[in-house]
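Undergrad: Model the structure of this input:
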Amino acid sequence: MRRMEPQPTAVAAPMQLRIADDIRMQIERGELAPGDPLPTLHELADRWGCSLSSARSAISLLTPQGLL
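TA: I've put the predicted structure just below:
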């Protein structure tokens, strides 16, 4: 069975959802393996040009999904 390439959410999403989608897709593609360190909140905020609050919210979206 062929796996589909992970795709971002198809709507203009809030910043925290865009960041969470990016991290989720990295995990699904195997670019981030279990035990790999995630970027720090400051690194995420710098990379995405957002606040620490948005970066923190992105991480909190991934936790209940069992991805972190």
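
Undergrad: avg pLDDT for the host helix or strand of Arg24?
TA: Counting by DSSP states H and E, the element that carries Arg24 is helix 15-28. Per-region confidence: helix 15-28 scores 94 on mean pLDDT.

Undergrad: what does it rub up against?
TA: By CB atoms under 8 Å, 6 or more residues apart in numbering, the residues outside helix 15-28 that reach it are 6-9, 13, 32, 38, 44, 48, 50, 54-55, 57-59, 61-62, 65, 67. Placement of C-beta: from N, CA and C, glycine included.

Undergrad: swap the cut-off to 6 Å and go again
TA: Under the contact criterion CB atoms under 6 Å, 6 or more residues apart in numbering, helix 15-28 has outside partners Pro6, Pro8, Thr9, Leu32, Trp48, Cys50, Ser54, Ser57, Ala58, Leu61, Leu62, Leu67.

Undergrad: Where does the prediction get shaky in the chain?
TA: Within the chain, the stretches with pLDDT under 70 are 1, 9.

Undergrad: And the strands in it?
TA: Defined through DSSP state E, the strands belonging to the chain form an empty list.

Undergrad: hmm, back to that, ChimeraX command for the buried members of the contacts of helix 15-28?
TA: Selecting only the buried entries of the contacts of helix 15-28 in ChimeraX, with 16 or more other CB atoms under 10 Å as the criterion:
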select :32,48,50,54,57,58,61,62,67
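
Undergrad: Take the contacts of helix 15-28 and keep only those in helices.
TA: Trp48, Ser54, Ser57, Ala58, Leu61, Leu62 (DSSP state H).

Undergrad: I'd like those residues as JSON lines, with distance to Met25 appended.
TA: Rendered in JSON lines, the data for those read as follows (distance: CB to CB, whole Å):
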{"residue": "Trp48", "distance to Met25": "14"}
{"residue": "Ser54", "distance to Met25": "18"}
{"residue": "Ser57", "distance to Met25": "18"}
{"residue": "Ala58", "distance to Met25": "13"}
{"residue": "Leu61", "distance to Met25": "13"}
{"residue": "Leu62", "distance to Met25": "11"}
